[in-house]
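**Q** Kindly return the folded structure for what I paste below:
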Amino acid sequence: MGRHNKVTTSKLRRNSVIAVTGLVPVGLVTAAAATAGATSKSFLGIHQTAGSAEAETAAADTTPAEVVRSVAPVADLMVAPEPAAAPAPKAAPAPEPEPAAPVVRQQGPLGIPAVNFAAYQNAERILAAENPGCGMYWTLLAGIGRVESGHANGGRASDDGKLFDPVIGLPLNGSLPGQATIYDTDGGALDGDTVYDRAVGPMQFIPTTWNQYAGDGNGDGVADPQNLFDSTLTTAKYLCDGGLDMRNVAQATKAIHRYNNSMAYVANVLAWSAAYSTGIEPSPVDLPRIH
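**A** Sure thing, here's the model as predicted:
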């Protein structure tokens, strides 16, 4: 029995040595393969290559932080916003409008100031359209303008007809021969007199007549007795009232006499009207003194 045990023990020892020595070749073979630079080995049912071993080693050595750093630039490219569009160039400022050319008016015959001449012709054009049966002509209006105010004191007005200095007549208080007495009718709105009326403007209208016939000759929306264009158009409308025809001497005389109740006044207006038509100054005998 003791021998049996000895044999068994010896056998076990021998088996142990075999088992232990059997473990050694595994490490040696693996190391030898790696040292020899083998590209492929199959050992214990596991297929290995040098590349796969190195990849596994590199993968094992790569930390998550390093992976994040290597991926981050790619992520940035994927989510980076589109670059902002370049701002559109500013439009060039609009050029300043050219200043309006100054109004150049033609002076009328026998020294009629240019702005007055324009106002007289303007009234003729308007009446030709609005009341062609009246036959209004600009020289008749010029004759009245000459007698009433010397063409607004020599054309002292802006290009649109506004007088530089208002023309206002004497109070109609009956103090002069043949002068009527007319007490204030407009509260002094046109003539500045709250006691008596006064003739106003270059064509000399009393307030009641102006308010009845007032015209807007320059088209600014206002009828102003101190404006040449407005005052001249109003004169034309007043002379034509009642269906009178200025081409008829008798009817023209009637209209002028109604404008100013004086035959000397009528003679002066007609003389100047004829002079502007012919370009010949009237003689003194054609210009009786107006009382």
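
**Q** just the strands in the stretch 151-291 of the chain please.
**A** Using DSSP state E, counting those that start in this stretch, the strands of the stretch 151-291 of the chain run over residues 168-171, 198-200.

**Q** Could you spell out the sheet neighbours of the longest one, each with its direction?
**A** Sheet neighbours of strand 168-171, with direction, are listed as strand 198-200 (antiparallel) (DSSP bridges).

**Q** For the partner strand, give me every contacting residue.
**A** Strand 198-200 has contacts (Cβ atoms under 8 Å, 6 or more residues apart in numbering) with 166-172, 190-192, 205-207, 210, 225-226. Glycine gets a C-beta too; all of them are placed from N, C-alpha and C.

**Q** what distance separates the start and the end of stretch 156-163?
**A** End-to-end distance of stretch 156-163 (Cα to Cα, to the nearest Å): 6 Å.

**Q** Could you list the buried residues of it?
**A** By neighbour count with 16 or more other Cβ atoms under 10 Å, stretch 156-163 contains the buried residues 156, 157, 161, 162, 163.

**Q** that older thread, hmm, which of the contacts of strand 198-200 are the buried ones?
**A** Buried, going by 16+ other Cβ under 10 Å: 167-169, 171-172, 190-191, 205-207, 210, 225-226, out of the contacts of strand 198-200.

**Q** Generate JSON lines for the strands of the stretch 151-291 of the chain, with distance to residue 231 as supplementary columns.
**A** Compiled in JSON lines, the strands of the stretch 151-291 of the chain are given as follows (distance: least, Cβ to Cβ, whole Å):
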{"stretch": "strand 168-171", "distance to residue 231": "13"}
{"stretch": "strand 198-200", "distance to residue 231": "9"}
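
**Q** so where is the stretch 151-291 of the chain shaky, pLDDT-wise?
**A** Along the stretch 151-291 of the chain, segments meeting pLDDT under 70 are nowhere present.

**Q** could you pull out the helices for it?
**A** 207-213, 228-240, 249-259, 263-278 (DSSP state H, counting those that start in this stretch).

**Q** Of all these, which one comes closest to residue 127?
**A** Residue 127 lies closest, by Cβ to Cβ, to one member of these: helix 228-240, at 4.9 Å.

**Q** quick one: the closest one to helix 249-259, angle?
**A** 120 degrees (axes from the mean of the first three to the mean of the last three Cα atoms, to 10 degrees).

**Q** packing partners for helix 228-240?
**A** On a contact count with 3 or more Cβ pairs under 8 Å, 6 or more residues apart in numbering; DSSP states H and E, helix 228-240 meets helix 114-130, helix 138-155, helix 207-213, helix 249-259.

**Q** can you tell which of those helices is closest to residue 286?
**A** helix 138-155 (11.3 Å).

**Q** one step back: and the helices of the stretch 151-291 of the chain, which is most packed in?
**A** Between the helices of the stretch 151-291 of the chain, helix 228-240 has the highest mean count of neighbours, a mean of 27, where neighbours are mean count of other Cβ atoms under 10 Å.

**Q** Helix 138-155 and that one, what's the angle between them?
**A** Using the same axes, to 10 degrees: helix 228-240 against helix 138-155 is 140 degrees.

**Q** What is the burial count for the closest residue to residue 116 other than its chain neighbours?
**A** Distance criterion Cβ to Cβ, 6 or more residues apart in numbering; nearest residue to residue 116, sequence neighbours excluded, is residue 151 at 4.5 Å. If you count neighbours by other Cβ atoms under 10 Å, residue 151 ends up with 24.

**Q** Am I right that residue 151 is in contact with residue 144?
**A** No. Using Cβ atoms under 8 Å as the test, residue 151 is too far from residue 144 to be in contact (10.3 Å).

**Q** which residues are in contact with stretch 158-165?
**A** 102-103, 105, 115, 119, 152-153, 156-157, 201-202, 217-218, 220, 224, 226-230.

**Q** Mind checking which of those are buried?
**A** Neighbour counting with 16+ other Cβ under 10 Å marks 105, 115, 119, 152, 156-157, 201-202, 217-218, 224, 226-230 as buried within the contacts of stretch 158-165.
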